[in-house]
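Novice: Sequence first, then the predicted structure, then my questions.
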Amino acid sequence: MDTTPLRDAYRALLNAAATVAESSGASPAPPAGEWNADQILAHVTLINAATISAISSAATGAITTYDNRTAQDAWTLDRVITLAGGNAGLRDRIRIQADALCGLGGPMLSETELDTLIPALLLSNGNVLVDQPVPLRGIITGLAEVELPGHTRQLLDLLPKDSGHQAMN
């Protein structure tokens, strides 16, 4: 599996996170009901960890599931922010996880492993997006094509309107 799109998605996310972190020194306030930059990054680290776990399970033949509910829990997000040491630590963690996922998700897995069906429950803002088995390659592809670009836009939307770095719609 070619992980170039995944690597590119991580690069864009990390660039957006750095841009937001460097904007006016303070973390921009999100719109009501949305996450701030640190919460977005903590969410991504938790999604990455779940994906690494699913890949490892598929490679060992262990039974696994893919469930993103913990990655949306406010207490868990705050705990991850604290454990990582804040924004810079979260960005470092994501960079390392990205390297691991790109290494594991491509050359290490066979086509059979990539086709392994993983029972998945994916929610967004309390709405069920997926509640069915998904091939492992679909989880990896979804990360590159939907999850990471969505959070990249979410980060860029935190920038002041006059910054010139607004998300492309």
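Specialist: Alright, I've got the coordinates.
Novice: Report the buried residues of the lowest-mean-pLDDT helix or strand in the chain.
Specialist: Scoring the helices and strands of the chain by mean pLDDT, DSSP states H and E places helix 111-114 at the bottom, with a mean of 92. By 16 or more other CB atoms under 10 Å, the buried positions in helix 111-114 come out as Glu113, Leu114. Backbone N, C-alpha and C define where each C-beta goes, glycine included.
Novice: what residue lies at the spatial centre of the chain?
Specialist: Nearest residue to the geometric centre of the chain (CA atoms, centre = their mean): Val44, 3.1 Å.
Novice: I figured that residue was touching Leu13, is that so?
Specialist: Yes: contact between Val44 and Leu13 holds when scored by CB atoms under 8 Å: they sit 6.9 Å apart.
Novice: Report the secondary structure element holding the residue nearest to the centre of the chain.
Specialist: According to DSSP states H and E, Val44 maps onto helix 37-60.
Novice: How far does that helix sit from its chain's centre?
Specialist: Remark: helix 37-60 is offset 7 Å from the chain centroid, using CA atoms, centre = their mean, to the nearest Å.
Novice: Check which helices and strands it is in contact with.
Specialist: Helix 37-60 sits against helix 4-22, strand 66-67, helix 74-84, helix 87-103, helix 111-114, helix 136-142, helix 148-156, with contacts defined as 3 or more CB pairs under 8 Å, 6 or more residues apart in numbering; DSSP states H and E.
Novice: any residues in contact with both of Val44 and Leu13?
Specialist: By CB atoms under 8 Å, 6 or more residues apart in numbering, Val44 and Leu13 have these common neighbours: Ile94, Leu148, His151.
Novice: Relative to Ile47, how far out is the second one?
Specialist: Summarising the geometry, the distance separating Leu148 from Ile47, computed by CB to CB, to the nearest Å, is 9 Å.
Novice: more neighbours, the two?
Specialist: In terms of neighbours (other CB atoms under 10 Å), Leu148 is the more surrounded of Leu148 and Ile47; the figures are 26 against 23.
Novice: so who does the more buried one touch?
Specialist: Leu148 neighbours (CB under 8 Å, 6+ apart): Leu6, Ala9, Tyr10, Ala12, Leu13, Val44.
Novice: same question, Val128
Specialist: Counted by CB under 8 Å, 6+ apart, Val128 has contacts Leu121, Leu122.
Novice: Start the count at 43 instead of 1 going forward.
Specialist: In the new count, where the first residue is 43, that last one comes out as Val170.
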